[in-house]
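**Student:** the following comprises the amino acid sequence and a computationally predicted model.
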Amino acid sequence: MVDDKQGKGPLSEAELQELVASSDAGGRNPSSAGVATMLAVVAVVWSVFQVLLASPVSNYVLPGDVINNSRQIHLAFAVFLAFMAYPALKSSPRTYVPIQDWVMGIVGAIIALYGYIVYDKIVSNGGLADDTDKWVALIGLILLFEGARRALGPAMAIIATIFLGYVFFGASPWVPEVIRWKGASLQKAMSHMWITSEGVFGIALGVSTKFVFLFVLFGALLEKAGAGNYFIKMAFGALGHLRGGPAKAAVVGSAATGLISGSSIANVVTTGTFTIPLMKRVGFSSEKGGAVEVASSVNGQIMPPVMGAAAFLMVEYVGISYVEVITHAFLPAAISYIALVYIVHLEAVKNNMPTLGNRVVSMGKTIGGMAVFFVGFAALCYGVQYPVKWVVSMTDNSGIILSALIVLAYVALLWLASKGPDLEPDDPNAEEVELPVVGEIYKSGLYYLLPIIVLVYFLMIEQKSPGLSAFWATTLLFVILLTQRPLKAMFRGAGEMGEHLKEGAFDLWQGLIDGARNMIGIGLATATAGVIVGTVTLTGVGQVMADLVEFLSGGNLILMLIMVGLLSLILGMGLPTTANYIVVSSLMAGVVVELGAQSGLIVPLIAVHLFVFYFGIMADVTPPVGLASFAAAAVSGGDAIKTGFIAFFYSLRTVALPFVFIFNTDLLLIDVTWTQGILVAISATIAILVFTAGTMNYFLVKNRIYESVALILVAFLLFRPDYVMDRIQPPFKIIEPTAFEQTLDAAKPGDEVRVIVSGPDFDTGEMVETALSMSIDGEGTGAERLDTFGLMIMEEDGAVKLDEPMFGTPFADNLQGFDFYGDTPVTLVTVKASANQMPKELIFIPALLLLALIAMLQRGRMSKEGEPA
């Protein structure tokens, strides 16, 4: 549909909504009232089931076997609704559900529930499939792949089919010898993929069931309550009057919308229908306006706390808490958005764009006001714990009292909102554009912040599970949707309370439907990706891929990272971000960590997972498939391919940042103090702005070539001061392996000792190396510290040999690939101890001096007549 319209002007509102529906929620809309109602009821039942599953009373209201088999139930709903909502072909009917889709939907749902229905038989068989099970599972996989093809496009189903084919035919002569394996029988493969929790019903679908649904539902309900429109209006009120204001407001509005929407396409259309026409009015071309919206909407997925589904998957895959994941992800996401605001500012200044409206407000006051709001909101989220603790300490009925206080705060804020009119979406094509005044409209939506405060409080302060945190926030949204209309009417003395209550109930009903429909694709993506993950665990192809990538990269970590990034981009052309992340991280994350260790670089696993995720979201931008770029072109009427290339150029910082935080983990706030964290945040913000000025070829005026190069160099020095300092003063001194225990004995708390271990690989017998990093914590002798780390060493023939560490000790997993029982011993080949090094932050001084010099040169040119400004 988009292609047909390309170059013929923007799509209508109805066509845009059809575009979002067909990509995110299914394009079918049955005309039969009975069928439409039945499907709506199924969607609502799914949403209610997921809310009950996440609730603290789930063990009392749901049977134990339902909770234990919740993944099967989750997939059954997703498969059934996929065949109901997504037509098979472009020519398939949109107004009714064909009989074959009914059959496939019902059969698919029953087979998804198969493990629940015949649970006792599967347990008695030890989790192995019998003859009946294997054929049922095979039909289930075929229907799953067809549902995924409809909801996600053909690429997901094709890739999963190729992996499944490899399971069966891995021993065939036409399979390259390097990845050839013995193959598996149908019975063994189906047991692994459908009966056990290694394949379809694995970690990814479990995360979708436990966490992701609640957050998607939370976003759908918040949008239905009117929060999306409120965020956009606030952004335009704060930034719309500035030069390039609509573009700046698009960035901030999309960032706020990205907090509640995991879909790039929905974000583009939701905010873009208003922002893109206004961007065009102040001088942005159709393609540039669309590109700004694409870059800001896609980046919504990297912004905590939701991050699509990836944050919850990282919790399972990396093995750290949810709070740690979003802490590590926050700074790169924040500076990425700051850079995007600066990009559109430079575009506006370069092209001398006019301002919108007739208000004049200083940039300083605007930035100061926004900073005060965000700091105040963060302080509120953090500070609310103290009165809560006081209430808890004072009474045993604290839950009831705290709930009453939240309701009281909601009613008070709603009364404040009722003093003004409800916010209606503005017409961006109106002759006179009246920008909202923040001081007048902010009261109308303050109560939308309450569910977000509740969510952040339970996540960050109470550190409850993401599912339970989202449950309480969603419960509050149920109350808001049901009561905001009648209570406003009561405060305004408008009457007709019953009618307003009906409208509120309809909003809640529609929000529950929207949440379920938005989850269809995610449920199928995580289930289908489970087949790929299951293939990796069944065949061991992951290790083969590791060897292949290591061979192709020649052991060079940077070259390998480029290859991993390209793989993410290529796979992402046909896969949704979540599925792309699951596939690439399953194949490559461990490889990058292992190769880094062999190179002597300790790469935290979370850094690799974020690296893969960042490149995965870029696939929504990148031509020729970038779906968000096509959606933006449909809104703007511009060329989709050109929009995609410009959006990719605007997103260069999203490409550069992952390489930075792999080598400088301070950017992820790993092992930094508060003081260091603040310094890193300031230096990284300056660095990303300078990098943006260098790549945009404009700082204070248009750059000379050498100035752009110098600006990029300054950015590098601010991002990687350690690179230069390590060459001036190495951070480690080399110690003889025989002095390892004495080195540990002399180390002080806070020091780091690194060792390179060499030995035969357990599978191949080839000699491999890996690096271990030991952070010294507390006092102790060298022998005591060796015992703490679980390392057992023995000096023999001038070499330091290593015994296999005990299971559960700190380095047991790192060293499990070595053969400790072969003829060739595992030895320590290098020991490095922390050396006295000047603070790496001293490199900031020459970097900032160089930046000041460039600024002076450009200021001199600014005063010359005829110099472009």
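**Tutor:** Perfect, thanks for sending it. On a predicted model such as this, the values are computed, not experimentally measured, just so you know. Numbers count the residues shown, from 1 in each chain.

**Student:** tell me where the stretch 1-150 of the chain has helices.
**Tutor:** Along the stretch 1-150 of the chain, counting by DSSP state H, counting those that start in this stretch, helices occupy 2-5, 13-20, 33-54, 58-61, 64-68, 70-85, 99-112, 114-117, 119-124, 131-152.

**Student:** pretty sure residue 242 sits against residue 248.
**Tutor:** Yes - between residue 242 and residue 248 there is a contact at 6.0 Å, judged by Cβ atoms under 8 Å. Any C-beta I mention is one placed from the backbone N, CA and C, and that applies to glycine too.

**Student:** circling back: pick the most deeply packed of the helices of the stretch 1-150 of the chain.
**Tutor:** Mean neighbour count (mean count of other Cβ atoms under 10 Å) peaks for helix 70-85 among the helices of the stretch 1-150 of the chain, with a mean of 26.

**Student:** which other helices and strands does that helix contact?
**Tutor:** Packing partners of helix 70-85 (3 or more Cβ pairs under 8 Å, 6 or more residues apart in numbering; DSSP states H and E): helix 33-54, helix 99-112, helix 114-117, helix 131-152, helix 203-207, helix 497-539.

**Student:** low pLDDT regions in the stretch 351-500 of the chain?
**Tutor:** 357-371, 374, 427-433, 495 (pLDDT under 70).

**Student:** could you rerun that using 50?
**Tutor:** Counting by pLDDT under 50, the stretch 351-500 of the chain contains no low-confidence range.

**Student:** and residue 242 and residue 248? Which one has more around it.
**Tutor:** More crowded of residue 242 and residue 248, by other Cβ atoms under 10 Å: residue 248, with 28 against 22.

**Student:** could you measure from the more buried one over to residue 346?
**Tutor:** Distance of residue 248 to residue 346, computed by Cβ to Cβ, to the nearest Å: 11 Å.

**Student:** OK, contacts around the residue lying closest to residue 438 once chain neighbours are set aside?
**Tutor:** Spatial nearest neighbour of residue 438, excluding adjacent residues (Cβ to Cβ, 6 or more residues apart in numbering): residue 237 at 4.0 Å. Residues in contact with residue 237 (Cβ atoms under 8 Å, 6 or more residues apart in numbering) are 435, 436, 437, 438, 441.

**Student:** pLDDT score assigned to the nearest residue to the third one once chain neighbours are set aside?
**Tutor:** Think residue 437. Spatial nearest neighbour of residue 437, chain neighbours left out: residue 237 (6.0 Å); criterion: Cβ to Cβ, 6+ apart. Here the pLDDT value assigned to residue 237 is 82.

**Student:** can you list the domains in the protein?
**Tutor:** 27-172+182-205, 732-836 (automatic domain parsing).

**Student:** need these in TSV with mean pLDDT and distance to residue 533, can you?
**Tutor:** Below are these laid out as TSV (pLDDT from 0 to 100; distance: least, Cβ to Cβ, whole Å):
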stretch	mean pLDDT	distance to residue 533
domain 27-172+182-205	89	6
domain 732-836	87	19
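
**Student:** ok, residue 442 to residue 271 distance?
**Tutor:** Distance, residue 442 to residue 271, by Cβ to Cβ: 19 Å.

**Student:** which one of the two is surrounded by more residues?
**Tutor:** Set residue 442 next to residue 271 and count neighbours by other Cβ under 10 Å: residue 271 wins out with 31 against 19.

**Student:** for the more buried one, what are its contacts?
**Tutor:** Residue 271 touches 228, 232, 250, 253, 254, 257, 293, 296, 297, counting by Cβ under 8 Å, 6+ apart.

**Student:** of all these, which comes closest to residue 426?
**Tutor:** residue 232 (8.9 Å; Cβ to Cβ).

**Student:** so that closest one makes contact with residue 257?
**Tutor:** Yes - the pair residue 232 and residue 257 qualifies as a contact (Cβ under 8 Å) at a distance of 7.4 Å.

**Student:** so between these two, which is more surrounded?
**Tutor:** Remark: of residue 232 and residue 257, residue 257 carries more neighbours, 28 against 25, as counted by other Cβ under 10 Å.

**Student:** report how many residues lie close to the residue lying closest to residue 798 once chain neighbours are set aside.
**Tutor:** Among residues not flanking residue 798 along the chain, residue 738 sits closest, at 7.4 Å (Cβ to Cβ, 6+ apart). A count of nearby residues for residue 738, using other Cβ under 10 Å, gives 14.

**Student:** and residue 738, how far from residue 827?
**Tutor:** Counting by Cβ to Cβ - residue 738 and residue 827 are separated by 11 Å.

**Student:** mutual contacts of these two, please.
**Tutor:** Counting by Cβ under 8 Å, 6+ apart, the contacts common to residue 738 and residue 827 are residue 800.

**Student:** including distance to residue 665, could the helices and strands packed on helix 70-85 go into TSV?
**Tutor:** Formatted as TSV, the helices and strands packed on helix 70-85 follow (distance: least, Cβ to Cβ, whole Å):
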stretch	distance to residue 665
helix 33-54	33
helix 99-112	41
helix 114-117	41
helix 131-152	33
helix 203-207	25
helix 497-539	26
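
**Student:** with respect to residue 653, which of the ones you listed lies nearest?
**Tutor:** Nearest of the helices and strands packed on helix 70-85 to residue 653, taken as Cβ to Cβ: helix 497-539 at 27.0 Å.
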